[in-house]
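> Mind folding the following:
(chains A and B)
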Amino acid sequence: MLTEEIKSILPEGASFEEENPATISVPPTVWHTFARQLRDKAELHFDYLACLTGMDWGDALGIVCLLESTVHRHAIRVRIAAADRRNPELPSVYDVWKSADLNEREVFDFFGIHFINHPDMRRLFLRNDWVGYPLRKDYDAGDNNNPVRLESDETPDATFSFEEDSEGEIREKEHILFEEDEYVVNIGPQHPATHGVLRFRVALEGENVKKLDVYCGYIHRGIEKMCESLTYPQMLALTDRLDYLSAHQNRHALCLCIEEALGIEVPERAKYIRTIMDELNRISSHLLFWSALCMDLGALSAFFYGFRDREKVLDMLEATTGGRLIQNYNVIGGVAADIQPDLVRQIKEFLVYLPPMLKEYHQIFTGNIIARQRMQQIGVLSREAAISYGVTGPSGRASGWACDVRKKSPYGVYDKVEFKEIVHTEGDSFARYTVRIEELQESLRILEQLADNIPAGDFAVKAKPIVKLPEGAYYKSVEASRGEFGVYMESRGEKYPYRVKFRSPCLPLVSVVDLLARNNKIADLIAIGGTLDYVVPDIDR
Amino acid sequence: MFDFTVVTQWVDQFLRSFLPAEIAILAEFVLIGLCLLAGYALIALVLIYAERKICAFFQCRIGPDRVGPFGLMQSFADMIKMLIKELIDINHVDRFLFNLAPFVVIIASVLAFGCIPFAKGLQVLDFNVGIFFLIAVSSIGIVGILLAGWSSNNKYSLIGAMRSGAQMISYELSIGLSILTMVVFAGTMQLSILVENQADGWFIFRGHLPALIAFVVYLVAGTAETNRGPFDLPEADSELTAGYHTEYSGMHFGFFYLAEYLNMFIVASVASTLFLGGWMPLHVAGWEGFNRVMDHIPSVVWFFGKAAVVIFIIMWFKWTFPRLRIDQLLRLEWRYLLPLNLLNLLLMVVVVVFKLHF
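Numbers count the residues shown, from 1 in each chain, chains lettered A, B, ... in the order given. Okay, the predicted model is just below:
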């Protein structure tokens, strides 16, 4: 069905492989029109660009796009290779899927591919004076090119784009971001409300936000680049350090991806343990969200209540995994160690402990008139925008998009437990807040069903210390605390991956801040940031 | 009941006994000034300690407990730290105004502090428009805050100062009107007479409904006036880092900090003077025995006890509510408090004219 539909619009020069999922190779010249067709044709309706990965295949540079349809639930991969390696150019699909905006900037940053007609071709993560494109395979990582620079990086008020004029010539064009007489305030990189080292430049008019520009990369560690020189088991430790509040879930995704590629069947007990740990992680993350949001809105006492309760989750995680924030618990083939014998009892105690506390949260914060007025009708994200920008997770579900990976393509034992996918339709800050609070209850429900039923057996199958993934491309995603966390991996049959890309849930979240905060007050910007709940190391990777 | 005029007159006579009259008065000025400043600093330190302990208990914490028994010496230690800290020179600031601003703030609050009747006979400034003077001098503080924000050459500070200006000027109206309501009721502006008038019952009981409304409005506006949560927009730390005092360091920051706590004390003292009888014990007309027992409690205790209750309520606000947004804040004042206040004033006039009070 899908095959025929795609074949009917397949442009000239494109090739189609019927793997699972279907993979299409498209020449760059027709990519833009083809992209539009993929999105607009009712039978295909690929409205969600899940992941856009820059690639260096050796002979050519290009991108791989993972597309999904929110209606038909089917997925495809599209590969586009740029014609000229020395001067790679691809058409931008920024106007088709908004999530391409920051992703194409990232690809430009790391691979040097110019996206034609993209409105803003600045580097996203690296300094403006960075020499070379680090994720190209021929990149010289020596110290001579990019020594530690002691002067600060200038922030220009203008950006540039490459646009095609009527004669087909590519021209560089300058765009002004901030006029000279605008009152531009830096929020971050060191600021109490950015939840990390993130920087917004905000043009203000009185208290109103006129325009906002995001600057990422202050804690960019090049994890994707590092992965290329690490063996698969070594890579695992790095995923915990992306979104440290969903460390376990991130690692779960990577393990699933590797296990699928190797064809390892994970024991049932390990699946249960992984799922329980995922949910504990989600609870701790959402509790921290609640605390941090309350603090952002000025309710300081509430902050401590959240942390008091999160402590109990951290204790449980610590007892079993040895880590409180970062667990290093999942391994290829299962988990690193069996659960601590007391864990089930602790979970049961916690199941009794948390619900009254949630009631208290509602009393002190949810029901408060000030809190409500500061969140309701503020920062409304429509469903279309959420899908187009790829805003998944609780923030996406607050806009009415049922995007829970646990329901969409169950992993672990999510298909065996009963839970509700919380979806609200308002899309405002308050909806994002309520979704998370209600998800806490759902997580408790999942734990309740799992805690007593952990089957006996092995907690892991033995995997070799060095594994080689069969040649091919793999993508696997899980529902992390903040949305869909995906791992895209290409292997050439060696013990190191050829290319690893992490689809971070937080990058789309920051890309909508401008949209949501415009024409609102500065205080709303803080509330919007708080309810989107991004974690900066996950943006920067 | 012990009258502090005994002490003051004894000091006066003692000084005059060996000094010429002018010099004796000068010496008294100096003495009073020193006492005021010492009291000012002491009260601020006690308040800082109290706030830290109280908020700790609200937040399931213990609070300071290392320095001295129960951490009692913590704020003294902090004061010493603050005094010996460097005053960092900031480039590109308007140096004169930048250095002037904290003094303007602190002078305004010391002047207001001087008006307060702490106990029977223990009052520095007492004249026929005392409450009027108090409102006037306490508004000078806003100039200091605006200067601080303007001269810092920092965008956060400027936004903080502008917020502060809008907020304080708005809420000054409510404070003024609710005080005016009570002045209408009392028929005087002199603070000592205001307190004396409450000998047969505090104004909040005698003035019933309009006094109660005025009290609530005064508390809300007073909290806003002192820039404390939930009205702490000028220094909203999660939005503006520290607002108007972002660039200040050492004792200059300390002055803002002290002034904030002292302003809270002043608001609480005025509330207790106007509504809760100031240093006047709780008297119920007709209950002679009860009144006599109450009179045995020293007036200082009455005054500070009442102020402490009001301060606790203000702290309770801060540690419970989220912060308002600037438009909500102004809407609250102009759309709700101000009309309510005006109506209340009218109600009070009716009550007074037709003698509907107790």
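
> Nearest to chain A: which residue in the stretch 1-150 of chain B?
Nearest to chain A in the stretch 1-150 of chain B, going by C-beta to the nearest C-beta, is B:Gln59, at a distance of 3.9 Å. (Each C-beta comes from the backbone N, C-alpha and C, glycine too.)

> Burial check on the closest residue to that residue other than its chain neighbours, number of neighbours?
Excluding the flanking residues, the one nearest B:Gln59 by C-beta to C-beta, 6 or more residues apart in numbering or on different chains is A:Phe304, at 3.9 Å. Neighbour count for A:Phe304, taken as other C-beta atoms under 10 Å in any protein chain shown: 19.

> surely A:Phe304 meets B:Ala56?
No: applying C-beta atoms under 8 Å, one finds A:Phe304 not in contact with B:Ala56, separated by 9.4 Å.

> who does the helix or strand that contains B:Trp316 touch, helix- and strand-wise?
Assigning secondary structure by DSSP states H and E places B:Trp316 in helix B:299-320. Packing partners of helix B:299-320 (3 or more C-beta pairs under 8 Å, 6 or more residues apart in numbering or on different chains; DSSP states H and E): helix A:300-321, helix B:21-58, helix B:208-225, helix B:250-274.

> Tell me what angle that helix forms with helix A:300-321.
60 degrees (axes from the mean of the first three to the mean of the last three C-alpha atoms, to 10 degrees).

> Can you dump the C-alpha atoms of helix B:299-320 in PDB for me?
Coordinates of each C-alpha in helix B:299-320 appear next as PDB, following Å, rounded to 0.1, in the frame of the first residue of the first chain:
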ATOM      1  CA  SER B 299       4.300  48.200  76.400                       C
ATOM      2  CA  VAL B 300       7.500  47.300  74.500                       C
ATOM      3  CA  VAL B 301       6.400  43.600  74.500                       C
ATOM      4  CA  TRP B 302       3.000  44.600  73.200                       C
ATOM      5  CA  PHE B 303       4.400  46.600  70.400                       C
ATOM      6  CA  PHE B 304       7.000  44.100  69.200                       C
ATOM      7  CA  GLY B 305       4.700  41.200  69.700                       C
ATOM      8  CA  LYS B 306       2.100  42.800  67.400                       C
ATOM      9  CA  ALA B 307       4.800  43.700  64.900                       C
ATOM     10  CA  ALA B 308       6.100  40.200  65.000                       C
ATOM     11  CA  VAL B 309       2.700  38.700  64.200                       C
ATOM     12  CA  VAL B 310       2.300  41.000  61.200                       C
ATOM     13  CA  ILE B 311       5.800  40.200  60.100                       C
ATOM     14  CA  PHE B 312       5.100  36.500  60.300                       C
ATOM     15  CA  ILE B 313       2.100  37.000  58.100                       C
ATOM     16  CA  ILE B 314       4.100  38.900  55.500                       C
ATOM     17  CA  MET B 315       6.800  36.100  55.600                       C
ATOM     18  CA  TRP B 316       4.100  33.500  55.200                       C
ATOM     19  CA  PHE B 317       2.900  35.300  52.000                       C
ATOM     20  CA  LYS B 318       6.400  35.200  50.600                       C
ATOM     21  CA  TRP B 319       7.100  31.500  51.200                       C
ATOM     22  CA  THR B 320       3.700  30.400  49.900                       C
END
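
> quick one: buried residues of that helix?
Under the neighbour-count criterion of 16 or more other C-beta atoms under 10 Å in any protein chain shown, helix B:299-320 has B:299, B:302-304, B:306-308, B:310-311, B:314-315, B:317-320 buried.

> out of everything not next to it in sequence, what's closest to B:Ile32?
Excluding its sequence neighbours, the residue lying closest to B:Ile32 (C-beta to C-beta, 6+ apart) is B:Val124, at 5.8 Å.

> Go ahead and report the secondary structure state at the one you found.
coil (DSSP: H, G, I helix; E, B strand; the rest coil).

> how many neighbours does it have?
So B:Val124, with other C-beta under 10 Å, has 15 neighbours.

> And for B:His92?
Neighbours of B:His92 using other C-beta under 10 Å come to 8.

> Return the residues in contact with the nearest residue to B:Arg206 once chain neighbours are set aside.
Closest residue to B:Arg206 apart from its sequence neighbours, by C-beta to C-beta, 6+ apart: B:Phe358 at 4.6 Å. The contact partners of B:Phe358, taken as C-beta atoms under 8 Å, 6 or more residues apart in numbering or on different chains, are B:201, B:205-206, B:208.

> What distance do you get for B:Phe215 to B:Trp202?
10 Å (C-beta to C-beta, to the nearest Å).

> Which neighbours do these two have in common?
Shared contacts of B:Phe215 and B:Trp202, counting by C-beta under 8 Å, 6+ apart, come down to B:Phe275.

> what's the next secondary structure element after the helix holding B:Trp316?
helix B:326-331.

> on contacts alone, who are the packing partners of that next one?
Helix B:326-331 sits against helix A:369-375, helix B:155-186, with contacts defined as 3+ C-beta pairs under 8 Å, 6+ apart.

> Next, the buried residues of the shortest one.
In other words, helix A:369-375. A:370-371, A:373-375.

> Residues in contact with that helix: which ones?
With C-beta under 8 Å, 6+ apart as the criterion, helix A:369-375 contacts A:297, A:299, A:365-366, A:428-430, A:433, A:523-524, A:527, A:531, B:230, B:321-325, B:328.

> Then stretch A:411-423?
Outside stretch A:411-423, the residues that reach it (C-beta under 8 Å, 6+ apart) are A:252, A:256, A:268, A:271-272, A:274-275, A:278, A:394, A:397, A:400-402, A:404-407, A:435, A:438-439, A:442-443, A:445-446, A:449-450, A:476, A:478.

> Next: stretch A:438-451.
So stretch A:438-451 is contacted by A:272, A:275-276, A:279-280, A:282-283, A:286-287, A:344, A:347-348, A:350-351, A:354-355, A:358, A:394, A:413-414, A:417-420, A:422 (C-beta under 8 Å, 6+ apart).

> I'd like the distance between A:Asp243 and B:Leu15.
From A:Asp243 to B:Leu15 the distance is 73 Å (C-beta to C-beta).

> With neighbour numbers in mind, choose between these two.
A:Asp243 (27 against 17).

> Next, the contact list for that one, please.
Contacts for A:Asp243 were tallied using C-beta under 8 Å, 6+ apart; they are A:250, A:480-482, A:485, A:504-506, A:535, A:537-538.

> In TSV: the residues you listed, plus pLDDT and secondary structure.
Output for these, formatted as TSV (pLDDT from 0 to 100; DSSP: H, G, I helix; E, B strand; the rest coil):
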residue	pLDDT	secondary structure
A:Asn250	90	helix
A:Ala480	89	strand
A:Ser481	89	coil
A:Arg482	89	coil
A:Phe485	90	strand
A:Ser504	88	coil
A:Pro505	89	coil
A:Cys506	89	helix
A:Val535	87	coil
A:Pro537	88	helix
A:Asp538	88	helix
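
> quick one: which of those has the most company?
Most surrounded of the contacts of A:Asp243: other C-beta under 10 Å gives A:Pro505, at 33 neighbours.

> where does the closest residue to that one other than its chain neighbours fall, phi/psi-wise?
Among residues not flanking A:Pro505 along the chain, A:Gly483 sits closest, at 3.0 Å (C-beta to C-beta, 6+ apart). The phi and psi values for A:Gly483, taken as degrees, to the nearest 10, are phi 140, psi -160.

> A:Gly483 touches A:Thr392, doesn't it?
Yes: counting by C-beta under 8 Å, A:Gly483 does reach A:Thr392; the two are 3.4 Å apart.

> how about the residues of the stretch 101-250 of chain A near chain B?
Contact residues, the stretch 101-250 of chain A versus chain B (C-beta under 8 Å from any C-beta of the partner chain): A:183, A:185, A:191-193, A:204, A:207.

> between the residues you listed, which has the most around it?
A:Ala193 (25 neighbours).

> For it, list the residues it contacts.
Taking C-beta under 8 Å, 6+ apart as the criterion, A:Ala193 is in contact with A:187, A:296, A:526, A:529-530, B:238-239.

> Brilliant, that's me finished.
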